[in-house]
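Novice: All I have is the shape, not the residue letters:
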């Protein structure tokens, strides 16, 4: 049995682009991005040719930063509810979590939300899973950071059974959360999820890795290619992007500051490395401006 339409869209015949949300000046200032803005950005991303729109999962607003002065809390809406609103406001773009913190959620609750989103979006949903890394959240939820590896694996098995249309796989469930989906809902690992590359290649339908300069990424992707063997899971990269009107390239934390021509070249390099989909975390400028610029100056040359 095949995958849903989201998987096929992200794979495509050439590298595709996705948008990370929410975006706005409110992030990190103790405010929340208006949900209407995120929904409008999802609609605009679909309109200008993006293939996916993704939401973060930050369960609690724990201040992050190296020093006391730098520590900021990020307040986010529930990812599944936000994706439900995006699904209703769009018709073709894939929607996904990047990433659901599985050790802090019961896998059957996650399965119920994933199955519902897949139904609402008519097969456009992708479930991205991560392990989480904020000790305060784990303490408050009564979980242990040390158990993340095992929690991912046990939760993964439950989710795989629930999100499969295969009756034999669903037999592992005592009581299923919903009827079977019409096609397999993709499950991707975001980051490492405390797992080896070999485990990810054997068990996941895709891997979303974080941006690194191309020379540093090559070795990591060589390990991935060795691990996946003859299989061909989705390969996704998230990337911070400050799109400028200059030709000066600058490395950022988990991203780059580049002009349109340099972005085209970089995306071609990523394509040649086997990356199917790039999730852009837009920085420095209003996202709608950047989406239009990418549509006009980058997408025609991919």
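Specialist: Yes, it's here. In this text the structure is predicted, and so the values were computed from the model without any measurement. Residues are numbered from 1 along each chain as shown.
Novice: who touches the residue positioned nearest the centre of the chain in this structure?
Specialist: Among the residues of the chain, the one closest to the centroid is residue 98, at 3.0 Å (Cα atoms, centre = their mean). Residues counted as contacts of residue 98 (Cβ atoms under 8 Å, 6 or more residues apart in numbering) are 20, 54-57, 128, 130, 190, 208, 238, 279. All C-beta atoms are positioned from the backbone trio N, CA, C, and that covers glycine.
Novice: ok, now residue 129?
Specialist: Contacts of residue 129 by Cβ under 8 Å, 6+ apart are 97, 99-100, 102, 152, 155-156, 159, 187-190, 193.
Novice: From those residues, pick the one nearest residue 226.
Specialist: residue 189 (16.8 Å; Cβ to Cβ).
Novice: hang on, that closest one is in a strand, isn't it?
Specialist: Yes: remark: residue 189 belongs to a strand, assigned using DSSP: H, G, I helix; E, B strand; the rest coil.
Novice: Where does residue 292 sit: helix, strand or coil?
Specialist: Looking at residue 292 with three-state DSSP, the answer is helix.
Novice: was I right about it contacting residue 47?
Specialist: No: Residue 292 lies out of contact with residue 47 (Cβ atoms under 8 Å); the separation is 9.8 Å.
Novice: any residues in contact with both of the two?
Specialist: By Cβ under 8 Å, 6+ apart, no residue touches both residue 292 and residue 47.
Novice: hmm, which of the contacts of residue 98 are the buried ones?
Specialist: Burial by neighbour count, judged by 16 or more other Cβ atoms under 10 Å, picks out 20, 54-57, 128, 130, 190, 208, 238, 279 from the contacts of residue 98.
Novice: and which of these is nearest residue 267?
Specialist: For these, the nearest to residue 267 is residue 279 (12.4 Å; Cβ to Cβ).
Novice: mind listing what the closest one touches?
Specialist: Counting by Cβ under 8 Å, 6+ apart, residue 279 touches 18-20, 52, 54, 98, 208, 236-239.
Novice: so it is in which element?
Specialist: strand 277-282 (DSSP states H and E).
Novice: what lines up beside that strand in the sheet?
Specialist: Sheet partners assigned to strand 277-282 using DSSP bridges are listed as strand 16-21 (parallel), strand 234-243 (parallel).
Novice: Now do the next helix or strand after the shortest one: which elements does it pack against?
Specialist: To tie it back to what came earlier, the one meant is strand 16-21. Going down the chain from strand 16-21, the next helix or strand is helix 35-48, by DSSP H and E. Helices and strands touching helix 35-48, by 3 or more Cβ pairs under 8 Å, 6 or more residues apart in numbering; DSSP states H and E, are strand 16-21, strand 52-55, helix 79-89, helix 287-297.
Novice: Flag every buried residue along stretch 22-30.
Specialist: Applying 16+ other Cβ under 10 Å to stretch 22-30 flags 22-24, 27 as buried.
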